[in-house]
Structure formats: structure tokens, C-alpha cells
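# Got a sequence here, can you build the structure:
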Amino acid sequence: MKSMTEFFAHKLIKGNTAKAALVADGKTPEEIEAGLGEAFKLEGDKLKFFVNAMQVAEDNAEKLGRVLVFKFEEGESIPPKAVAVDEYHYVPEFQKAPLKAVTEKPKKTDNKKDNKKKGPKPSPWGISPEEAAAKKAGKKPT
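You can find the predicted model right below:
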């Protein structure tokens with residue numbers, strides 16, 4: 001398998017819109033391809049890949065992310081949605097639906113721990129010199 005190129009859905013949609021405008025103007029298929037080449041600055045094989053990828057995008061418009069162009073060797077497995085044009089395969093790749101947000105369960109509080117912590121909160125700056133002296137003496141600070 002050899003990857004040739006890829007085209008994202010937004011570019012292919014713009015290409016189909018431009019193609020529809022050229023068809024409405026009554027252009028021939030050769031003029032349409034030349035017009036697309038000028039509009040998207042593509043030429044040669046890349047233009048041929050783009051025109052074929054536009055057709056694949058039109059057939060698989062819903063949730064399309066991009067179209068990949070591959071050249072598969074003999075005996076390699078080809079994806080089921082791949083469309084073969086000449087010796088190349090155009091594989092549509094779809095966007096996946098976003099996963100559901102995981103909600104965190106509220107944490108259970110342990111009542112035994114809560115019962116221990118009664119009384120005034122200690123100072124955030126540590127204990128005062130008076131509290132340190134009372135602690136050394138084995139008395140409870142007031």
C-alpha cells in the first residue's frame with residue numbers, strides 16, 4: 001500500500017460547489033477540470049486525484065472527514081468503502097462522534113475523620129510561640 005495524497009472534506013465541498021457553478025455556466029468536462037485546476041491551484045495527477053475524490057465525497061457526504069488516495073499492491077486487503085478508479089483507491093475517512101463526558105462521582109466523606117476535627121482551625125502560618133511553649137509543657141493551648 002502506498003499513500004498518494006489526501007483531501008480534507010472542506011476542500012472537497014468547496015470543489016463540488018465550484019464544479020456546480022461551472023456546470024451551471026454550461027462548461028464542458030474538460031473546461032470544468034481546467035477551471036477546478038485554476039481555482040485550487042492543482043495540476044497533473046493531483047488534479048485527477050482531486051476530481052475523483054470530489055465524486056467520492058459527494059457519495060459519502062455525511063460526517064466525512066477526508067478522502068485518502070492509495071495505491072494497493074496485489075494481494076493487499078482493501079477497505080470495504082474504498083472506491084477504485086484506474087489503479088488507485090479512494091478511501092473515505094469519517095469523523096467519529098464525540099465521546100460522552102465522564103462525570104465524576106461525588107466523593108464520600110468519612111464521618112469518623114470529620115468527628116476528629118472539632119474546634120478552632122489552627123493558624124495558616126503555623127503555631128504561635130505561646131502555643132509551642134504550652135505544647136512542650138503538655139498543656140492544651142487556650
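
# wait, what's in contact with the spatially closest residue to F8 that is not a sequence neighbour?
Closest residue to F8 apart from its sequence neighbours, by Cβ to Cβ, 6 or more residues apart in numbering: R66 at 4.7 Å. The way it works is simple: take the backbone N, C-alpha and C, and place the C-beta from them, glycine included. Residues counted as contacts of R66 (Cβ atoms under 8 Å, 6 or more residues apart in numbering) are 6-9, 92-93.

# which one is the spatially most central residue of the chain nearest to, not counting chain neighbours?
Using Cα atoms, centre = their mean, the residue of the chain that lies closest to the mean C-alpha position is Q95, 7.3 Å off. Excluding its sequence neighbours, the residue lying closest to Q95 (Cβ to Cβ, 6+ apart) is G65, at 4.4 Å.

# looking at this, the one you found is in a strand?
Yes. With DSSP: H, G, I helix; E, B strand; the rest coil as the criterion, G65 is part of a strand.

# what number of residues lie near it?
For G65, the neighbour count with other Cβ atoms under 10 Å is 14.

# doesn't F7 make contact with it?
No. The criterion here is Cβ atoms under 8 Å, and G65 misses it with F7 at 10.5 Å.

# picking that back up, distance check, the residue nearest to the centre of the chain against K41.
Distance from Q95 to K41, counting by Cβ to Cβ, to the nearest Å: 26 Å.

# any idea which helix or strand comes after the worst-scoring helix or strand of the chain on mean pLDDT?
Lowest on mean pLDDT, DSSP states H and E among the helices and strands of the chain sits helix 111-116, with a mean of 57. Tracing the chain C-terminally past helix 111-116 and defining elements by DSSP states H and E, one meets helix 129-137 next.

# Flag the shaky bits of this structure, pLDDT-wise.
106-122, 139-142 (pLDDT under 70).
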